[in-house]
Structure formats: C-alpha cells, structure tokens
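Asks: here is a sequence with its predicted model. Questions after.
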Amino acid sequence: KKKKKKKQDKKDGDDDSDDDDVAQHTDSIWCMQGHQDVLFSGSRDCTMRRWNIRSTACLSLFQGHTAQVYQLAVTSRHVFSCSSDHTARMWTHAGKPVHVFEHDNDVNTLCVTQEEELFTAGNDKTVRQWNTQTGASVMEYKGSVSGINCMHVFERPDASGEKRPVLIAAGCADGVLRLWRPGQETVYAELTNHQSSLNFMASTFLQTGVMGDTAFAEGADVAKAARHVLVTGDASGFVWTFSLVAAEDGYTLLPRTLFEYHTDAVNAICTKDNLAFTASRDGSVRSFNILQGKPYKIYLGHTSTVRACAVNSDGSRVVSGGRDATIRCHNTHTAELVWFADGHADYINKICCHNNLAFSGDRQGVIRAWDTRDGSLDHTYAGKDVKFNDETMPLVAVIAGMTVIFSDFAQLMAFPFTVSLPWNDRNPGTKALPPVQFDFSFGSVGNLFAALVYGSAGFCIVTFVLFHSAYRFVSAAGESSIRGKLWTLTSGLCWLAVSLLLIPVMRVLLSVYNCDDDGQLVEDAAVTCWEGGHLAMCGLAGLSLVLFTVLWLRLVIVNGDLSRVAVYFWVRWEFDQPFVGKVHLLSRRSAAFNRVQAIVSVMLVIISVFVEGRSDVGLASTFLVAVMFVLIVTLLLPPYWNPYINALRLATLAAVSWTNVTAIVVAVVNTEDDRPAWTNIFHLVGFLVAMAVGSLIMYLHVRRQEEAKRRLLMSGDPFRKGPGDGGGVKQTGIVAMRDQRKMVHCDACATSMPDFWWPQHEASLKHRENTEHRSTAVV
C-alpha cells in the first residue's frame with residue numbers, strides 16, 4: 001500500500017518522500033509564504049519546496065533555478081519565483097515548470113496581480129511585465145539608473161469591477177522611488193525622499209476606527225486622507241510612507257510621513273491595518289501608526305541585527321528573528337514580551353505568519369513553526385535528522401531523561417546502604433538499593449565477578465575506541481550511511497557510559513583492588529590477591545579506568561554533534577545546543593550540575609569501596625556533605641529550563657540528603673545488638689517532607705529568576721548578551737546591577753543605558769554621527 005501510494009504521489013506531483021536530499025533545504029531560507037494548509041519556501045540552495053503544514057511532509061520539490069531563490073509569490077493556481085540566475089519562473093503547485101521569464105541580470109523582486117499578471121525587476125535596471133498565459137513579454141519599463149531591490153504594483157477596479165494595475169512603484173539602489181504607469185515604458189515620476197538604497201516596501205489599507213482613531217475631517221490634506229499607503233525603508237534606517245492618490249491622468253504617490261527612529265538599515269517591513277512594523281540592523285523592531293503619523297511602540301530584546309519580522313492574522317502579535325538566532329514575540333499594543341525561543345542554530349533570515357503559526361527559516365535551511373499564542377514548537381520542516389531531534393526526541397527525552405534522573409537518585413540513595421551501617425532489616429533500602437551499584441556478595445563464584453570485571457572493562461574500551469574513531473573520522477551525525485549509524489551508536493554508548501552506568505562500572509573496576517587483611521579479594525573470597533588471574537584483572541581494570549576517565553573528560557569539552565544525543569546529560573558547559581534549546585520538556589539550561597554530581601559520585605564510590613571502618617558517623621557525614629554540595633550547586637545553577645523538572649531534581653537530592661541524615665542517626669544511636677525500628681518511620685516521614693520542601697524551594701527560586709530576567713528583557717538593558725549565555729540576560733558587574741533602575745534613553749541612537757554611562761556615550765563617535773544624521777534628516 002505504501003509503495004502504491006508513493007507511486008501515485010509521484011504521478012500527482014505530491015512526492016511525500018522521506019529522502020533527506022528531497023525533504024530538507026541545505027542552505028539559507030530567503031522566502032516563505034503560507035497558502036491554505038501548505039507552506040512554500042525558497043532557498044539559497046536554488047530550490048523551492050512545498051510542505052504540508054501538519055504532517056511536515058515535503059509535497060513538492062521545485063528544481064530549475066541555478067542560483068539562489070530570492071522571492072516567491074503564490075496564487076490559487078500557480079507559484080512564481082525569482083532568482084539571481086537572471087530568471088523568474090512560473091510553476092504549478094506540484095512543482096512542474098510552466099514558463100521561464102528571462103532578464104539580463106539578477107531578478108530581485110516580483111509582483112503578481114489578482115489576474116495573474118506578472119511584474120519582475122532586478123539588477124538590469126528594468127521592470128518587465130509578462131503574459132503568464134503565453135510566457136511572452138508585454139512591456140519593458142526603463143529609466144532606472146540603478147538596480148531595483150523591491151517593487152509594488154497598485155491595483156484598482158475598472159468599470160467592470162475587475163482589478164487592474166494602475167501604478168508600478170520600484171525601490172532602487174540609488175535611493176529613488178521610481179513610478180511607472182502601466183503601458184508607458186518611461187518613468188512617470190521619481191521620488192527622492194530616501195537618501196540611501198531603498199531595500200524594502202509593503203502596502204496597507206488604513207482602517208479608520210482602529211485604536212480609537214476618528215474619521216478624516218473635511219478638507220484634510222490629500223496625502224493624509226488617502227487610505228492606500230506604501231511603506232518603504234532604506235539602508236540608513238529611514239522609513240517613509242506614501243499615499244496612493246488619484247491624479248487627473250491616473251494615480252500617483254504623495255509623501256505622507258517620515259519616521260527616522262532607526263539608526264541603521266531597515267531589514268524587513270510588514271503591515272497590519274494602521275500599523276507598520278520595521279526590523280532593523282540596529283537590533284530593534286518598531287511600529288508606527290500610519291494614520292496618526294506617529295511612532296507607536298518599540299520592541300526590544302534582540303542582541304544583534306534583526307533580519308525578519310511578521311505580524312499575525314489578528315494583529316495582536318509581532319514576531320521577529322535575526323542574527324542572534326532567537327525568535328521573539330511581543331504584544332503589538334503593549335510591547336510586552338509574550339514568549340521567546342532560541343530553537344535555531346544559526347541566523348534567522350525569514351519569518352512569516354499563517355494560521356496562528358509563525359514560521360522561521362534559518363541560514364542552515366531549517367524551518368520551524370511556532371504557536372504564536374504560547375511559543376511552543378509546533379513542527380519542523382527539514383530532513384529526518386533534524387525532525388528526529390525536534391519532534392520525535394521529546395518523547396524519547398521523557399523516557400531517557402527521566403530514567404537518568406531516577407537512576408541518579410537511586411544510585412546516590414544506595415551509598416548509605418552499600419556500607420555496613422546498622423540499618424534496620426525492614427528498611428526497604430537495605431535489600432532494594434545495593435544491587436543498583438552491583439554491591440552484593442559473590443561468595444565463591446569467582447567466574448561471576450570476573451565476568452562483571454571483564455564486561456565492564458570491555459564496555460569502557462569499546463566505547464572509548466568507537467568514540468575517538470567516530471569523532472575523528474565522521475563529519476556529520478545522522479548521515480544516512482554506515483558512518484552516520486556508527487556515530488549514532490557511539491553517541492548512545494557514551495551517553496550510557498557517563499550517566500546510567502557511571503557509578504556501577506567505576507565500582508566494579510575499583511573493587512578489583514580491594515583486598516582484606518588476609519590477602520583475599522573482598523568481593524570474592526576464592527581469589528587470592530596479587531596472584532594469577534587477579535593481576536590480569538587489575539591490569540585490565542587499571543587500563544579501563546584510565547580510558548573511562550579520558551572519555552569522561554573528553555565529553556566535557558567536545559562540542560560536536562555528540563551532544564545532540566547526550567543533550568540529556570553531557571552538553572556544552574554554558575547551555576545546550578540551540579536547535580533543541582527550550583523545545584522539549586527536558587531541555588537543559590546548564591551542564592554544571594551534572595559534572596559536579598559525576599565528580600562527587602566518583603569520590604563517593606572510592607570512599608565506599610576503600611575506606612575501612614565504614615560503620616562510623618564520619619562516613620555517613622561524608623556522604624551528607626557531598627550530597628549537600630551537589631544540592632547547593634543545583635539550586636544555584638538550575639540544570640533545566642522547565643521549572644517542574646528542576647523542582648523534581650532538587651526534591652530527589654533533598655530526599656537523598658535526608659537519607660544521609662538518617663544514616664548519621666542510625667550510626668549514633670546504634671548499640672551492638674540493637675537496630676531501632678523507629679528509624680524507619682523517622683526516615684520515611686523526613687523523606688517525604690524533604691522532597692516536598694526541596695521541590696517548593698527550587699520551583700519558587702526558578703520562577704523568581706525567570707521573572708527577573710523578563711523584567712530585564714523588557715527594560716531594554718544594553719548589557720544583555722546573546723544566546724551563547726542561554727538567551728537570557730547577564731549583567732556586566734555590580735555597578736550595572738545597582739544602576740539598572742536609573743536609565744537614560746538616547747533618541748538619536750535609539751538605545752537606553754544607565755545614567756553613569758551617559759557621559760561616555762555622549763562623547764562617542766557613534767552618538768555624534770547619529771545626532772548629525774538626525775539633524776540633517778529633519779532639515
């Protein structure tokens with residue numbers, strides 16, 4: 001059935017192939033557009049793709065362009081695209097080419113009218129009109145002296161009620177907005193309001209009554225009274241609005257309002273009713289009330305160039321992304337940060353909104369869909385490997401991550417029960433927990449202990465060899481080949497070695513050296529120390545411990561694809577890989593906690609195996625101090641993004657700490673023949689209370705931290721840093737923290753700073769240039 005369906009899909013042009021070469025862009029995403037239940041995307045990899053929004057299947061692959069695809073437009077029947085290969089192309093939705101429209105240079109922009117008339121423009125300094133039925137050129141509009149970066153075609157209904165083109169507006173690299181009348185090849189008008197390259201434009205119909213606006217008064221200025229408006233942005237950060245007005249011989253554009261609040265190039269423009277939204281290289285997103293001719297809101301938080309922005313269907317959310325690889329969603333009318341995500345590994349080049357989803361495309365060719373209401377990851381449009389991490393992995397993460405959490409809990413709980421403290425026999429830990437650490441008597445069955453030693457050593461050696469082989473010779477994880485499968489296997493073994501099996505393997509290998517006063521191996525009375533097979537076991541165990549330690553240290557510093565599998569345990573020192581950051585339940589914030597716990601666990605293994613007189617208060621106190629140290633580190637450096645998982649983590653450590661407190665009590669009150677039964681009740685009640693108190697403390701602590709970060713993000717603090725430190729906010733020092741409440745805003749530079757920094761800023765070259773530039777613009 002699957003084969004028949006695949007053949008039929010290919011026949012219909014809807015090839016739902018899982019081939020990574022088909023189902024993934026391999027370079028920057030430049031353009032996207034949603035249409036009904038599908039998403040179209042164009043990329044620097046010279047292809048376009050049609051995706052099923054819900055299933056994420058790649059339905060169609062558009063191949064034909066020989067250079068990057070700059071822009072696309074979708075109608076109910078066709079798809080249009082333009083490229084730097086000097087052509088624009090027309091396709092069916094299934095990806096079949098229909099026509100090729102040729103220019104003499106790069107085609108940078110295109111417009112499609114309601115009747116599917118195509119207009120294209122580019123670096124050959126012309127605008128061309130095409131008949132999409134025949135593919136023939138209808139008109140070539142000349143007169144531009146520089147390349148054309150953006151274009152808009154205005155339409156108005158004719159006598160029959162059908163919309164027809166009435167004016168062509170083209171933004172040029174020399175900063176001139178040139179106008180043509182359809183059917184007249186010479187330039188009708190040149191508007192020189194912009195002073196640098198005009199790169200982006202968007203149009204909107206003003207809606208009176210929105211946000212408390214009143215109707216136009218009689219005798220109002222013609223430009224102010226017009227409702228069809230064009231918004232343009234240039235490389236200097238200037239934003240102009242122009243009104244489409246009727247003239248005696250047709251239509252023209254009149255300048256309406258200048259907004260000169262950005263301090264660097266405008267990278268994107270989108271509109272919704274009376275509002276225009278602009279994203280800039282200065283790191284800000286701004287909105288302007290076109291009807292009132294005033295700035296509306298500023299949306300702060302990005303730490304670098306903002307390359308894309310889009311507004312959702314009801315105009316309540318504006319979503320932006322850029323060079324800092326984060327996506328931020330603000331409330332349009334309050335500028336409050338609603339949510340943000342750091343789910344991309346590279347620059348975000350394009351964002352579009354469709355059906356309550358915000359689609360973001362990055363420089364690696366990965367597209368992700370986010371719910372505009374809460375920021376949750378909805379889908380990923382990419383190959384198997386990326387989708388596995390984003391979509392399938394959260395389910396695996398719950399199983400694997402929770403397994404690690406409870407395995408760590410059980411192993412730490414086992415330490416007081418693996419030594420000879422006088423626990424009451426009815427305490428469940430006396431029999432249930434020691435096997436977790438392979439702590440049981442082997443009697444005279446030497447073969448069993450030898451098998452455990454040789455098996456643990458073989459596991460360490462194989463894992464170490466596979467890891468180094470894969471790390472040196474395999475360039476990419478998830479590759480559909482033997483090498484890729486080897487890398488995946490290696491990642492899994494390494495993750496297993498340094499998480500679930502860390503304590504048991506170390507314990508077995510160290511037990512080889514533990515001899516009693518009679519020269520017999522403590523774990524196996526039949527083995528005489530330092531003779532025959534024992535020497536062989538010692539040599540192999542020593543080599544395995546060295547390799548195991550090297551592997552462990554190597555995993556600390558490796559930044560390769562290994563951490564994609566090991567993200568639940570071993571991740572980079574600062575924060576986890578950005579393409580899984582805060583996407584799923586167990587996504588990590590920091591790995592410091594895990595490293596500290598691993599080091600402490602190794603220390604406890606050594607102590608529990610080798611220290612003599614293990615039934616004293618000192619040993620139980622050592623366990624308590626070590627676990628309390630891990631608990632404090634966990635509280636100071638919460639390991640997860642999710643507050644509930646952090647609370648669970650601290651609750652288990654609090655319970656382990658109480659178990660060690662109980663161990664001290666057991667050691668103190670014990671008499672030679674008395675093992676008090678009341679210690680079981682003491683242990684159980686305190687255990688539950690400790691879990692409850694620990695989880696509550698961690699939950700409140702994390703929520704307080706998140707609220708503080710949220711306030712700092714909204715304050716526009718200039719000391720915030722990028723996603724390399726978790727997408728959060730860090731202060732540069734105590735002074736910055738102290739003066740956070742005393743902020744000064746510089747209108748010329750569109751930035752805020754603590755008042756103690758104002759003298760240095762005022763004397764800076766950038767401030768003087770921005771002030772001079774602003775004064776010139778006003779004049």
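Replies: Yep, that arrived.

Asks: CA atoms for contacts and neighbours, from now on please.
Replies: Fine.

Asks: got a list of what the closest residue to residue 46 other than its chain neighbours touches?
Replies: Take residue 46 and drop its neighbours on the chain: the residue closest to it by CA to CA, 6 or more residues apart in numbering is residue 68, 4.5 Å away. The contact partners of residue 68, taken as CA atoms under 8 Å, 6 or more residues apart in numbering, are 43-47, 83-85.

Asks: buried subset of the residues you listed?
Replies: 43-47, 83-85 (16 or more other CA atoms under 10 Å).

Asks: before we move on, the earlier item: how near is the residue nearest to residue 46 to residue 47?
Replies: 8 Å (CA to CA, to the nearest Å).

Asks: got it, and residue 337?
Replies: 35 Å.

Asks: equivalent analysis for residue 314, please.
Replies: From residue 314 across to residue 47, the span is 31 Å (CA to CA).

Asks: residue 89 now?
Replies: For residue 89 relative to residue 47 (CA to CA), the value is 12 Å.

Asks: show me which residues of stretch 292-303 are buried.
Replies: Using 16+ other CA under 10 Å as the test for burial, stretch 292-303 gives 293, 295-303.

Asks: in strands, which of the residues you listed fall?
Replies: 295-299 (DSSP state E).

Asks: and those, which is closest to residue 137?
Replies: residue 295 (42.2 Å; CA to CA).

Asks: in contact with the closest one, which residues?
Replies: If a contact means CA under 8 Å, 6+ apart, then residue 295 has 259, 286-289 as its contacts.

Asks: report the mean per-residue pLDDT for stretch 495-506.
Replies: Here stretch 495-506 scores 81 as its mean pLDDT.

Asks: ok, and what's touching it?
Replies: 404, 407-408, 411, 436-438, 456, 460, 463, 545, 552, 565-566, 569-570, 598, 601-602, 605.

Asks: just how off-centre is that stretch within its chain?
Replies: Here the centre of stretch 495-506 is set off from its chain's centre by 30 Å, with CA atoms, centre = their mean, to the nearest Å.

Asks: likewise stretch 69-76?
Replies: 26 Å.

Asks: can you check stretch 692-712 too?
Replies: The answer for stretch 692-712 is 22 Å, by CA atoms, centre = their mean.

Asks: ok, back up a step: how about the buried residues of stretch 292-303 in a markdown table, adding pLDDT and distance to residue 245?
Replies: Below are the buried residues of stretch 292-303 laid out as a markdown table (pLDDT from 0 to 100; distance: CA to CA, whole Å):
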| residue | pLDDT | distance to residue 245 |
| --- | --- | --- |
| 293 | 90 | 17 |
| 295 | 92 | 23 |
| 296 | 92 | 25 |
| 297 | 92 | 28 |
| 298 | 93 | 30 |
| 299 | 93 | 32 |
| 300 | 88 | 35 |
| 301 | 85 | 38 |
| 302 | 88 | 38 |
| 303 | 84 | 40 |
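
Asks: tell me which of those is nearest to residue 678?
Replies: residue 301 (56.7 Å).

Asks: now for this structure, the helix or strand with the poorest mean pLDDT.
Replies: One helix or strand of the chain scores below all others by mean pLDDT, DSSP states H and E: helix 734-738, with a mean of 29.

Asks: quick one: contacts for residue 52?
Replies: 37-39, 58-59 are the contacts of residue 52 under CA under 8 Å, 6+ apart.

Asks: and what of residue 349?
Replies: 28-30, 307-308, 321-323, 360-363.

Asks: select only the buried ones of these in PyMOL?
Replies: The PyMOL command for the buried members of the contacts of residue 349 (criterion: 16+ other CA under 10 Å) is given here:
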select buried, resi 28+29+30+307+308+321+322+323+360+361+362+363
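
Asks: okay, the helix or strand hosting residue 288 in CSV with CA atoms only?
Replies: Taking DSSP states H and E as the definition, residue 288 sits inside strand 285-289. The C-alpha coordinates for strand 285-289 follow below in CSV (Å, rounded to 0.1, in the frame of the first residue of the first chain):
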residue,chain,number,x,y,z
VAL,A,285,11.7,46.3,16.0
ARG,A,286,9.5,49.3,15.8
SER,A,287,5.9,50.0,14.9
PHE,A,288,4.4,53.2,13.6
ASN,A,289,0.8,54.5,13.5
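
Asks: contacts for it, please.
Replies: With CA under 8 Å, 6+ apart, strand 285-289 has contacts from 259, 274-279, 294-300, 306, 309, 320.

Asks: report the angle between that strand and strand 294-299.
Replies: Counting by axes from the mean of the first three to the mean of the last three CA atoms, to 10 degrees, strand 285-289 points 160 degrees away from the direction of strand 294-299.

Asks: distance between strand 285-289 and the chain's centre?
Replies: 25 Å.

Asks: strand partners of it, parallel vs antiparallel please.
Replies: For strand 285-289, the paired strands and their directions (DSSP bridges) are strand 275-280 (antiparallel), strand 294-299 (antiparallel).

Asks: distance to residue 206 for these - can I get that in TSV?
Replies: Shown next, in TSV, are those (distance: least, CA to CA, whole Å):
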stretch	distance to residue 206
strand 275-280	8
strand 294-299	14
